[in-house]
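> pasting a predicted model and its sequence here:
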Amino acid sequence: MLFQIAWRNIWRNASRSLVVISSIIIGIWAGIFILSFSWGLYKNNINESVYKQLSHIQIHHPNFGYEKDSKFTIPNSDTVLIHFQSDDRIASLSSRVIATGMITSPTTASGVTIYGIHPPSEIAQIGLNQTIIEGAYFESGKNNDILIGAKLAKKLKIKLKSKVVLTFTNVHAEIVSAAFRVGGIYRSKNISLDEVNVYVPQNHLRELLELKFSESNEIAILVKDETQLDSIKNDIETLVPNAKVEDWKELSPELGMIIESFNLYTYIISGLILLALTFGIINTMLMSVLERIRELGMLMAIGLNKRKIFIMIMLETIYLTVIGCPIGLFLGWLTVNVLGKTGINIAMFSEGLASYGFSSMIYPELDQEKYIIIVTMCLVTAILSAIYPAYKALQLNPSEAIRKI
Amino acid sequence: MAKTIIDAHNVSKTFNPKTVPVHAVQDVHLHIEEGEFIALVGPSGSGKSTLLNMMGGLDEPTSGTVFIDGIEITKLSENKLIDFRLHNIGFVFQSFNLIPVLTSKENIGFVLQLQHMPRKEREKRVLTLLKEVGLEDKTDSKPGELSGGQQQRVAVARALASKPKIILADEPTANLDSKSAANLLDIMAKLNKEEKITFLFSTHDQRVIKKARRVITLVDGKIDSDVEQVPT
């Protein structure tokens, strides 16, 4: 009977109940949308980093580290390459020879990281060919072809076909200089890297560094299924025991931090939305209790004990929440699914974002776990905010309540 | 000798004892036996409602004791008191008597349900009660769809539902036209006669007072007169 009375009570003032239900719906929807949008934004950033820059796994000599000294190589990297090329868990892999040095134009100079690459491999690996905005992607076939970023080109005041000189130390710590001709200018989504990364044919750089044919400084691997990342990593570690094998989270700790901080955002944003919801519910339920004082007094007089009165008021709030929650959840889920497919174009702001490595299409996305967190928090909030009005009803004295006009 | 239903000794009630004390009821002795039909009269502010509330355990006396059917209700805890009311006392108020979201049938059944009466028995009793108050055709009407007189009759039926020792009615006819008031009083008188239910009701209405067999007059919180009369 209490269930029935509570249910009918909420429809006595249908518009008021609908306002509460709507605020619950909007709260949940907004929570889901904001979180899925920001997760889409981060995911975009992560994908950009993984597929255009880092790859899932990188193998280096343990000492290669921060200084990027070319003498620390992975021995027999050619056999490693051949071994994993036939592994069907792997989408693509490429080896790189890396040197740090100086690029000099007729007017100025700048510090750079020089990547000796095998051009066809990097097409699949980081889609390097797609970033070319001027010239061509190693089409001349010449050894002295160099690919530089648009920002660096601007800084050095050079154009396509200009001549530049790269200066670096070889493995014997001797300074080497070589002339290159700009064959292509690229612009990636990460402008800050465009200023420091230059690409040259691998064999030529290897000769200049006086490395053996079998040696390289870095092997990058893209896997097909990210869930297999750890097992693949283990396989590599057994195959190349003296190397440092790192996945993208280790390579770029800030990406890992993004994921960590995102979890924190989940709670902060949901918390703020729920705080607003709390006051809405308390206000409405308190009003509904206070305007029924005489009725509650009568209920107590005829024998409804306080526990039952408390349950009745709580039930009213719970009903409102239970109606609002699934609708908000469904709308949120629908929004995430539709926009997750079509994407949201934020081209308006993308110039600024591009410098941080974001692209202009955002595909909202949310884990199941986050949906559960939002809904649970919403339910808990609703129940907690019902307690005060229900408690207020308990303090009524039946005879006083009846006397009140 | 008839059984004693209400036995009140030295009952007083003072509101705002610390600020501006209002002595609503002072030193009242009351003895009511089973089957009585009593009108409690007096001007506004004479303490009628307060006395009724104390007899029904809705208000706690500042001093004095109240026994209902031998149980000292002034000593019961709040929850026990609520339970005691549920089983022993029926209330009819001036207004706001019924649960607005329930139909007549459900309003009456609600009390029975609180007493855990099985469904079939409950339905039977509700119909009997509605018939007794002449509302068998209004079983599924909500209070909003009933006239004031009909609502009060449902309230009387609900007060009767739990087979209480006594029904306390606080100005039950105050908001009714004279025809509905007379009708309600007739029903109450009939129930009193046929089912031996004790009624104690406060009123201003001379026509209602005439129907009572005992009239207690309160003035300034004290019993001014307590007389038996032949109802007309």
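Sure thing, it's come through.
> and the closest residue to chain A within chain B, helix, strand or coil?
Closest contact between chain B and chain A, by Cβ to the nearest Cβ, is at B:Leu86 (2.7 Å). For every residue, glycine as well, the C-beta is placed using N, CA and C. Using DSSP: H, G, I helix; E, B strand; the rest coil, the structure places B:Leu86 in helix.
> doesn't A:Phe310 lie inside a strand?
No. A:Phe310: not assigned to a strand; according to three-state DSSP it is helix.
> how about the helices in chain B?
B:48-55, B:78-88, B:104-114, B:119-132, B:148-161, B:178-195, B:206-211 (DSSP state H).
> got phi/psi on residue 133?
Using chain A here. Main-chain torsions, A:Ile133, degrees, to the nearest 10: phi -110, psi -20.
> you looked at the wrong chain, it should be chain B
According to degrees, to the nearest 10, B:Val133 has phi -100, psi 10.
> list the contacts of the nearest residue to it once chain neighbours are set aside.
Leaving aside its chain neighbours, B:Val133 sits nearest to B:Arg153 (4.1 Å; criterion: Cβ to Cβ, 6 or more residues apart in numbering or on different chains). Listed by Cβ atoms under 8 Å, 6 or more residues apart in numbering or on different chains, the contact set of B:Arg153 reads B:133-135, B:183-184, B:187.
> quick check: residues of chain B near chain A?
B:49, B:53, B:56, B:58-59, B:78-79, B:82-83, B:85-87, B:91, B:93, B:96-97, B:99-102, B:106, B:109-111, B:113-114, B:158, B:162 (Cβ under 8 Å from any Cβ of the partner chain).
> sorry, back to before: how many residues are close by the residue of chain B closest to chain A?
19 (other Cβ atoms under 10 Å in any protein chain shown).
> right, and A:Ser95 touches A:Ser214 too?
No. A:Ser95 is not in contact with A:Ser214 according to Cβ atoms under 8 Å; the separation is 10.0 Å.
> and the residue of chain A closest to chain B?
Distances between chain A and chain B by Cβ to the nearest Cβ are smallest at A:Gly303, namely 2.7 Å.
> from B:Leu114, how far out is that residue?
From A:Gly303 over to B:Leu114 the distance is 5 Å, taken as Cβ to Cβ, to the nearest Å.
> same thing with B:Lys165?
For B:Lys165, the distance to B:Leu114 equals 17 Å [Cβ to Cβ].
> of these two, which one has the most company?
The residue with more neighbours, out of B:Lys165 and B:Leu114, is B:Leu114; 22 against 18, by other Cβ under 10 Å.
> re earlier: how about the residue of chain B closest to chain A: what's its closest non-neighbour residue?
A:Gly303 (2.7 Å).
> grab the most central residue of chain B for me.
B:Leu168 (1.4 Å; Cα atoms, centre = their mean).
> if we can go back for a sec, can you put the helices of chain B in a markdown table and add mean pLDDT?
Output for these, formatted as a markdown table (pLDDT from 0 to 100):
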| stretch | mean pLDDT |
| --- | --- |
| helix B:48-55 | 91 |
| helix B:78-88 | 89 |
| helix B:104-114 | 92 |
| helix B:119-132 | 91 |
| helix B:148-161 | 90 |
| helix B:178-195 | 87 |
| helix B:206-211 | 86 |
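> and of those, who's closest to B:Ile6?
With Cβ to Cβ as the measure, helix B:48-55 is the member of those nearest B:Ile6 (5.8 Å).
> other residues contacting the closest one?
By Cβ under 8 Å, 6+ apart, helix B:48-55 touches A:399, A:403, B:6, B:8, B:11, B:13, B:24-25, B:28, B:30, B:40-42, B:59-61, B:66, B:68, B:166, B:168, B:170-171, B:200, B:202, B:218, B:221.
> pull out the buried members of these.
Neighbour counting by 16 or more other Cβ atoms under 10 Å in any protein chain shown classes A:399, A:403, B:6, B:8, B:11, B:13, B:24-25, B:28, B:30, B:40-42, B:59, B:61, B:66, B:68, B:166, B:168, B:170-171, B:200, B:202, B:218, B:221 among the contacts of helix B:48-55 as buried.
> neighbour count: A:Ser95 and A:Ser214, which is higher?
For A:Ser95 versus A:Ser214, neighbours defined as other Cβ under 10 Å are more numerous around A:Ser95 (22 against 14).
> and that one, what are its bridge partners?
Counting by DSSP bridges, A:Ser95 forms beta bridges with A:Ile219.
> give me the pLDDT for it.
Looking at A:Ser95, its pLDDT stands at 92.
> ok, back up a step: give me the common contacts of A:Gly303 and B:Leu114.
Common neighbours of A:Gly303 and B:Leu114 (Cβ under 8 Å, 6+ apart) are B:Leu86.
> how about the residues of chain A near chain B?
So chain A meets chain B at A:1, A:4-5, A:8-9, A:11-12, A:294-295, A:298-307, A:398-399, A:402-403 (Cβ under 8 Å from any Cβ).
> let's see which of the residues you listed end up in helices.
Within those, residues falling in helices by DSSP H are A:4-5, A:8-9, A:294-295, A:298-302, A:306-307, A:398-399, A:402-403.
> low pLDDT regions in chain A?
Scanning chain A for pLDDT under 70 picks out A:348-359, A:403-405.
> can you give me the helices for the stretch 1-150 of chain A?
A:2-10, A:14-49, A:77-85, A:119-126, A:150-156 (DSSP state H, counting those that start in this stretch).
> list the neighbouring strands of whichever helix or strand comes after the shortest one plus their orientation.
The one in question is helix A:150-156. Next along the chain after helix A:150-156, taking DSSP states H and E as the criterion, comes strand A:163-169. Paired strands of strand A:163-169, with direction, are strand A:90-104 (antiparallel), strand A:175-186 (antiparallel) (DSSP bridges).
> okay, these, which one's buried deepest?
Compared across the strands paired with strand A:163-169, strand A:90-104 shows the largest average neighbour count, a mean of 21 (mean count of other Cβ atoms under 10 Å in any protein chain shown).
> can you tell me the closest non-neighbouring residue to the residue nearest to the centre of chain B?
Leaving out its chain neighbours, the residue that sits closest to B:Leu168 by Cβ to Cβ, 6+ apart is B:Gly56, at 4.6 Å.
> need phi/psi at that neighbour.
Note on B:Gly56: its backbone torsions stand at phi -90, psi 0 [degrees, to the nearest 10].
> I figured it was touching A:Met300, is that so?
No. B:Gly56 lies out of contact with A:Met300 (Cβ under 8 Å); the separation is 11.4 Å.
> okay, buried residues for stretch A:255-262 please.
For stretch A:255-262, by 16+ other Cβ under 10 Å, it's A:255, A:258, A:262.
> the residues you listed into a markdown table, with extra columns for secondary structure?
As requested, those are arranged in a markdown table below (three-state DSSP):
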| residue | secondary structure |
| --- | --- |
| A:Leu255 | helix |
| A:Ile258 | helix |
| A:Phe262 | helix |
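> mind putting the residues you listed in CSV, distance to A:Ala386 included?
Output for the buried residues of stretch A:255-262, formatted as CSV (distance: Cβ to Cβ, whole Å):
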residue, distance to A:Ala386
A:Leu255, 42
A:Ile258, 37
A:Phe262, 31
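> about what we covered before: and the residues of chain B next to chain A, which are buried?
For these, buried by 16+ other Cβ under 10 Å: B:49, B:53, B:56, B:58-59, B:82-83, B:85-86, B:91, B:93, B:96-97, B:99, B:101-102, B:106, B:109-111, B:113-114, B:158, B:162.
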